[in-house]
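Visitor: Sequence first, then the predicted structure, then my questions.
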Amino acid sequence: MNQARVKRVRDLVDGVLLLDKPVGLSSNDALIKAKRVLNAKKAGHTGTLDPFATGLLPLCFGEATKFSQDLLEADKSYDTTVHLGQTTDTGDTEGQVQESRDVNVTLEQIHAVLAQFRGPIKQVPPMYSALKRDGKPLYEYAREGITLEREARDVIIHKLELISYEAPFLKLSVTCSKGTYIRVLGEDIGKALGCGAHLNALRRTQVGELTTDRMITLEELAAHAAPLTLLSPVDALLSSFPRVDLGEALAKRFLQGQRLPLGKEPAVAVPSAHIGRVRVYDGERLLGTGLLQEYAILAPERLIAASHT
């Protein structure tokens, strides 16, 4: 007689885990492993890292998943190694080598080329990407040997610095806007230098205001006696937003979805001349995010569930 399979009961876990993703693991696989260790009911990540890439992968649990979109929109920083003189079909180490050339470039040439890629640039998304065409990811077309036309996108390279150059390896530090493909940046730099290139290594070091300071590995998470203590609070995702503190009565109205005229509330300190998103508290309790509008009108945006406040 077969015993009925007992469904595992997951816990309500709220917070942010700053994971140091290992090489060779997809972002989703890393999320599944962390979710299993924490026995969390609800989880999501904040934008993927390629399997060959390592570094900062913020994982959101419970109420933190409501604010994961903010990190998708955030600037990101990376350290990367560009292998000059060799191109691959994927733009990284996972692909097949397409062409090899001699590398005869000087530091002066490198600095001149890097200067061309700082600031606003246009970038054509790679075929080996998760962008969809007619409901199908581009990488599936690429695996079938099909190349589709892609429109160039506007991105911003805020910082592009040379760390070191030992031919054929070019180590760079990059800070960029959302939607930037570092693989494509490496390829385009190689093309501009006349020798071609692909990414040999990629490590993410910052997402928005989140840095590697509290980053841990999956092994450290699994071995920890109290893994939940490794989570950062939900509002770690919102640290770049100005803070607004409400009293008990206003907090209740805010959680009911009411717009609040804070200009008429002398007890509430409103961020000076700020119009835009804010994080809203009642004491130490995070209530959610709101939009501070003209005349200090506060409109609720994403709210923490009542059972979590």
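Guide: Yep, that arrived. Residues are numbered from 1 along each chain as shown.
Visitor: and the host helix or strand of L162, what does it pack onto?
Guide: Assigned by DSSP states H and E, L162 belongs to strand 153-166. Identification of packing neighbours for strand 153-166 by 3 or more C-beta pairs under 8 Å, 6 or more residues apart in numbering; DSSP states H and E yields helix 107-116, strand 119-123, strand 169-176. Backbone N, C-alpha and C define where each C-beta goes, glycine included.
Visitor: Flag the shaky bits of the stretch 201-309 of the chain, pLDDT-wise.
Guide: 306-309 (pLDDT under 70).
Visitor: most tightly surrounded among the helices and strands packed on strand 153-166?
Guide: strand 169-176 (a mean of 20; mean count of other C-beta atoms under 10 Å).
Visitor: Direction included, what does that strand pair against?
Guide: The sheet places strand 169-176 alongside strand 76-84 (antiparallel), strand 153-166 (antiparallel), with pairing taken from DSSP bridges.
Visitor: re earlier: how about the helices and strands packed on strand 153-166 in CSV, adding distance to P261?
Guide: Formatted as CSV, the helices and strands packed on strand 153-166 follow (distance: least, C-beta to C-beta, whole Å):
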stretch, distance to P261
helix 107-116, 50
strand 119-123, 39
strand 169-176, 39
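Visitor: want to throw these into TSV with mean pLDDT and distance to R101?
Guide: As requested, the helices and strands packed on strand 153-166 are exported to TSV (pLDDT from 0 to 100; distance: least, C-beta to C-beta, whole Å):
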stretch	mean pLDDT	distance to R101
helix 107-116	98	15
strand 119-123	97	22
strand 169-176	98	14
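Visitor: and among the strands paired with strand 169-176, the most buried is which?
Guide: Of the strands paired with strand 169-176, strand 76-84 is the most buried (mean count of other C-beta under 10 Å), at a mean of 22.
Visitor: orientation of it relative to helix 107-116 in degrees?
Guide: Here strand 76-84 runs at an angle of 140 degrees relative to helix 107-116 (axes from the mean of the first three to the mean of the last three C-alpha atoms, to 10 degrees).
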